[in-house]
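**Student:** got a predicted structure plus its sequence, pasted below:
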Amino acid sequence: MSAPVDPAAVAAATLGDAGYGLLIGGEWRGAAGGATFAVTNPATGEHLADVPDAGAAEARTAVEAAHAALPDWAATPAPARAAVLRKAAALMLDEQERLATVMTLEQGKPLAEARGEIAYAASFLSWFAGEAERVYGSTIPASAAGKRLLVLRQPVGVAAMITPWNFPAAMITRKLGPALAAGCTAVVKPAEQTPLSALELGRVFARAGLPPGALNLVTCRDPQPFSETIFADERVRKVSFTGSTEVGKLLIRQSADTVKRLSLELGGNAPFIVFADADLDAAVRGAIASKFRNAGQTCVCANRIFVQREVYDRFAELFAAQVAGLRVGNGLDPASVIGPLIDEQARAKVERHVADAIAGGAAVLAGGRPAPVGANFWAPTVLANATADMLVAREETFGPVAPLIPFGDEDEALALANDTPFGLAAYFYTRDVGRVWRVAEGLEYGIVGVNDPIPSTAQAPFGGVKQSGLGREGGPTGINEYLEEKYVSLAL
């Protein structure tokens, strides 16, 4: 039995009395009129800190600072930019425990997951430090003897980034790492639910030697004034956003007037397919890892679990038994595997999806109710005999609910999996090598995990197709989002 945890004491010891401000032009400052908003712990409702509530004026000032810092940072030699990123990554790992605790306090995920996210976030800085040193141009064979044709790769310019609450460190470094590596400067708006992790990263980058203005952090409760400001400003040439498809579509429309480059990682509806020839024990473990990480609050988590009829009952039995044993509680408790949902609105959506499924004939094999540990907690849930027309299959639940849907053959599995406007991540389990190729190629998704429930890594491209987004983050191509190609024709 683990010792009782006092979240208030942990918060006081971790956050101390250090205030949080906006980071603009290398200075920490407040918002106009001293406006602030509160950050609370989703597990307990307790107040953690107050942060500045910025508006359009602060957003403009941040853009001005990033624009002023751009020429010097873009001209900084690539090895020097790489050194800053490597130093920041090292500092993150040195402070892994404290940064993870801040994350758990404001976001709720179990501390073990938060530690993993800090390491994952740091890996993007290390990876893109290397990519900074490999931004190669090229020469092109000319069609005339008196010409030389060259291609230069140069930073896009000021980049604005809007990041979500579910991965408050990694979603910043996955964008910021390639931007800084390419020589861009940045204005970052973290999610209003989880701004503390972003502000802590600002302190890390300052200690790593990042020049003033290269990174600017703007916190605000209402994102609309920030968004309108950056999209109207010609100096912002690139916007990267992670969030809902609905907001992504709005940003596409907003980008039209100034023709900004966009990277969008939007909603998902990930299928998880278990074929009859799969290793069922491995598939059960994989489904739990994919579905219940971060209490199901990830864009790539399994949202629909399709199981071939020959093994459906056995899989459901094994899966439900293990899910029922997952411990729900405060993320600071080492025994907790499932933390809270981010807020009451998220919990209400989970409850609505479960009620709809039960009304439609689904059977509850585990959970199906709030967890009796706090207002934002939901017991990990398994729903048998779900159907493709239920809310749990049509919408992204973003919670710890696993609907099990039977299927007949491979063609039906692919048809069910692809029957969605989204295409971010998909997973399937099989031991048939031919099926591996057929299904991997047939799935209309940007990321496919074959017998692998957690395929994300810094050195691989991350992104979706269809209405799940535009562009890729991570991998060798990730830095391309922040580079322009310039063709130079030289007559001798």
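**Tutor:** Sure, I can see it.

**Student:** ok, now which ones touch the closest residue in space to T397 that isn't next to it in sequence?
**Tutor:** For T397, ignoring the flanking residues on the chain, the nearest one in space by C-beta to C-beta, 6 or more residues apart in numbering is H353 at 5.0 Å. Placement of C-beta: from N, CA and C, glycine included. Residues counted as contacts of H353 (C-beta atoms under 8 Å, 6 or more residues apart in numbering) are 390-392, 395, 397, 399, 401.

**Student:** how about the helix or strand harbouring F205: buried residues?
**Tutor:** For F205, the enclosing helix or strand under DSSP states H and E is helix 195-208. When neighbours are counted by 16 or more other C-beta atoms under 10 Å, the buried residues of helix 195-208 are found to be 195-206, 208.

**Student:** relative to A121, which of those is nearest.
**Tutor:** L201 (8.0 Å; C-beta to C-beta).

**Student:** how close does the closest residue to the closest one other than its chain neighbours sit to T229?
**Tutor:** Excluding the flanking residues, the one nearest L201 by C-beta to C-beta, 6+ apart is I172, at 6.0 Å. Distance, I172 to T229, using C-beta to C-beta, to the nearest Å: 20 Å.

**Student:** same question, G360
**Tutor:** 45 Å.

**Student:** kindly report the same for G268.
**Tutor:** Look at G268 and T229: by C-beta to C-beta, they are 29 Å apart.

**Student:** show me which of those two is the more surrounded one.
**Tutor:** Using other C-beta atoms under 10 Å as the criterion, G268 and T229 rank with G268 on top: 28 against 23.

**Student:** how much space between the closest residue to the more buried one other than its chain neighbours and G474?
**Tutor:** Among residues not flanking G268 along the chain, L424 sits closest, at 3.6 Å (C-beta to C-beta, 6+ apart). Here the distance between L424 and G474 works out to 13 Å (C-beta to C-beta).

**Student:** who has more neighbours out of those two?
**Tutor:** For L424 and G474, the more surrounded residue by other C-beta under 10 Å is L424, and the numbers stand at 27 against 22.

**Student:** for the more buried one, report the pLDDT, please.
**Tutor:** At L424, the pLDDT value in this model is 98.

**Student:** quick check: it touching S468?
**Tutor:** Yes: if you go by C-beta atoms under 8 Å, L424 and S468 touch, sitting 3.9 Å apart.

**Student:** contact partners of stretch 310-317?
**Tutor:** Stretch 310-317 has contacts (C-beta under 8 Å, 6+ apart) with 274, 276, 278, 280, 283-284, 307, 365, 382, 384, 404, 406.

**Student:** mind listing what G45 touches?
**Tutor:** Going by C-beta under 8 Å, 6+ apart, G45 touches 374-375.

**Student:** report the secondary structure state of it.
**Tutor:** Judged by DSSP: H, G, I helix; E, B strand; the rest coil, the three-state class of G45 is coil.

**Student:** and the pLDDT at it?
**Tutor:** So G45 comes in at 96 (pLDDT).

**Student:** bridging residues for the nearest residue to G30 once chain neighbours are set aside?
**Tutor:** Counting by C-beta to C-beta, 6+ apart, P52 is the residue found nearest to G30 once chain neighbours are left out, at 5.0 Å. Beta-bridge pairing for P52 (DSSP bridges): T36.

**Student:** no more questions from me, cheers.
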